[in-house]
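1. predicted model and sequence below, questions to follow.
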Amino acid sequence: MKKKLVLLLCLILCMFTFAACSSDKSKPATFEYDEATVTETATQWMDSWNQMDFSTYDDDTLADLVSSGQMDEATKSTFASWRQTQSDIGAFVEVKKTKIEEDGDTIYVVFTTSYDGTKNEVLFKVPFDATLNVDSNAITVEEQETIWDKLEFALVNTILGMGTVFVVLIFISFLIALFKFIPMIQAKMAKKQEIEMNVVESIDNTVSQIAEQEEEELVDDSELVAVITAAIMASMGDEAPADGLVVRSIKRAKTNKWQKA
């Protein structure tokens, strides 16, 4: 029991150690800077961004600026992204919070702001390099999702997933319910085959009977022909041909001459 407790405590300690090691911490900047100065510069960039109407920079205008050399492709993409973002979040209202984040040779001034076009907070991040210059193409404006937005998204996904499962289960149940009709269909098909076989058998029997009757009639006719031929040969005596008689047909007379004799 003691060994189990020791192992459990070691496991918990390892979990906390790995969690601490894997936590994402920003690296401190490798250069010195004045927080007030970079904050003021970042504020000027944010004010310029909010005062500019990016909707005037449509695709054609951006293409003309690139073709004339006044703008590069990276700036074009940034302006197109900002145009959509500004359209989504609306007009600037206020700055709620400001903080500075450090990551190696880059520092970020992060403004937590609000806009009238969205209920969520918007993070405005201005990056500075080691020379305290701002990379305008690296400025990000992101609308933050609230916990309720995340819950709503998760709820929608859950409903869609469960709905799909229930639809599939209902479809499978419907297919299973159809299985009871399979024996009925098989019985009808078997009965139909039996009737067809009986009909074929009846036809075969009828054909066999007809063939037998014709064969019997043919035998009877042959015997009759032989008797008549022999009688004719006997009655003709010496006048009968040497190679015999050939009877081609026998027809019944309409009147019986023997009755008149």
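-> Everything's here; your move.
2. so S114, which state does it fall into?
-> strand (DSSP: H, G, I helix; E, B strand; the rest coil).
3. next: the one 5 residues further on.
-> Using three-state DSSP, the structure places K119 in coil.
4. strand partners (parallel or antiparallel) of the strand ranked longest in the chain?
-> Taking DSSP state E as the criterion, the chain has its longest strand at strand 92-103. When pairs are called by DSSP bridges, strand 92-103 turns out to pair with strand 106-115 (antiparallel).
5. what are the buried residues along the strand it pairs with?
-> In terms of neighbour count (16 or more other Cβ atoms under 10 Å), strand 106-115 has its buried residues at T106, I107, Y108, V109, V110, F111, T113, S114, Y115. Using the backbone N, CA and C atoms, a C-beta is placed for each residue, glycine as well.
6. can you pull out the helices in this structure?
-> With helices called from DSSP state H, the chain shows them at 2-22, 35-51, 59-67, 73-89, 147-178, 181-236, 257-260.
7. so what does the third one touch, helix or strand wise?
-> Looking back up the chat, that one is helix 59-67. Using 3 or more Cβ pairs under 8 Å, 6 or more residues apart in numbering; DSSP states H and E, the elements in contact with helix 59-67 are helix 73-89.
8. for the helix it packs on, buried residues please.
-> Applying 16+ other Cβ under 10 Å to helix 73-89 flags K76, T78, F79, W82, R83, T85, Q86, I89 as buried.
9. give me the distance between the last one and V134.
-> Using Cβ to Cβ, to the nearest Å, one gets 21 Å for the distance from I89 to V134.
10. equivalent analysis for the second one, please.
-> The spacing between T78 and V134, counted by Cβ to Cβ, is 13 Å.
11. repeat for the first one
-> The span separating K76 from V134 equals 18 Å under the rule Cβ to Cβ.
12. got it, and the third one?
-> Computed as Cβ to Cβ, the F79 to V134 distance reads 16 Å.
13. swap in the fourth one?
-> In this view, W82 and V134 are 15 Å apart by Cβ to Cβ.
14. do D58 as well
-> For D58 relative to V134 (Cβ to Cβ), the value is 26 Å.
15. neighbour-wise, which of those two wins?
-> V134 (17 against 13; other Cβ atoms under 10 Å).
16. dump the residue contacts of the more buried one.
-> T41, A42, W45, V126, P127, F128 (Cβ atoms under 8 Å, 6 or more residues apart in numbering).
17. quick one: low-confidence parts of the stretch 101-250 of the chain?
-> 146, 149-150, 211, 213-225, 227, 231-250 (pLDDT under 70).
18. list the residues that contact the spatially closest residue to E142 that is not a sequence neighbour.
-> Distances taken as Cβ to Cβ, 6 or more residues apart in numbering place L123 nearest to E142, at 4.9 Å, with adjacent residues excluded. Listed by Cβ under 8 Å, 6+ apart, the contact set of L123 reads V110, F111, T112, T113, T140, V141, E142, Q144.
19. run the last query once more with 6 Å
-> V110, E142, Q144 (Cβ atoms under 6 Å, 6 or more residues apart in numbering).
20. which one of those sits closest to A230?
-> Closest approach to A230 among the contacts of L123 (Cβ to Cβ): E142, at 124.9 Å.
21. separation between the closest one and I185?
-> 62 Å.
22. neighbour count: these two, which is higher?
-> E142 (13 against 9).
23. please report how far the more buried one lies from K97.
-> Taken as Cβ to Cβ, the span from E142 to K97 is 15 Å.
24. L151 too?
-> 24 Å.
25. ok, now F54?
-> 25 Å.
26. of these two, who's got more company?
-> Using other Cβ under 10 Å, the more surrounded residue of F54 and K97 is F54, with 17 against 10.
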